[in-house]
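Q: next one to model:
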Amino acid sequence: MTKFKTTYIGNLQTEVIHLKSGSKIITEAPEDNNGKGTMFSPTDMFAASLASCMMTIMAISAQAHGFSIDGMYIETEKIMAANPRRVGELKLDIYLPKKDYTEREMRFIETSVKTCPVANSIHPDIVKTITYHLPE
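A: Below you'll find the predicted structure:
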């Protein structure tokens, strides 16, 4: 079981410490909610965790099936909704590295995107718009 300690450090910022490793993350309220926009907000981290999880599961699948996704990146856009204030949509643009992917490899990639634990934990009311970009 993973444990974290989160402390309010003032100025609308929190510090999260991963207790096993000592790794730290500092978050700040977003600009549209009284923050300065100088670092990740908690909802930014929520959005980023989806992209990171998708990539991790894709990499595990690629490694298990003998191909690589090294150099892949995801650009994520978080769109907020109101009443109540929440994340309404996550737009993810997945940029795959130059390679001729087989249909089988693309199936592994797409299945990984849909089945990562973060994706499976997100409320179904949050729209996930996913676009794949293959180099030519």
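Q: packing partners of the worst-scoring helix or strand of the chain on mean pLDDT?
A: The weakest-scoring helix or strand in the chain, judged by mean pLDDT, DSSP states H and E, is helix 103-115 (a mean of 91). Of the remaining helices and strands, those touching helix 103-115 by 3 or more C-beta pairs under 8 Å, 6 or more residues apart in numbering; DSSP states H and E are helix 42-64, strand 127-133. C-beta coordinates here come from the backbone N, C-alpha and C atoms, glycine included.
Q: would you turn those into TSV with mean neighbour count?
A: Shown next, in TSV, are the helices and strands packed on helix 103-115 (neighbours: other C-beta atoms under 10 Å):
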stretch	mean neighbour count
helix 42-64	17
strand 127-133	13
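Q: redo the ones you listed as a markdown table? Include distance to Ile26.
A: Conversion of these to a markdown table gives the following (distance: least, C-beta to C-beta, whole Å):
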| stretch | distance to Ile26 |
| --- | --- |
| helix 42-64 | 10 |
| strand 127-133 | 27 |
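Q: nearest to Asp93, of those?
A: Each of the helices and strands packed on helix 103-115 has some distance to Asp93 by C-beta to C-beta; the shortest is strand 127-133, at 5.1 Å.
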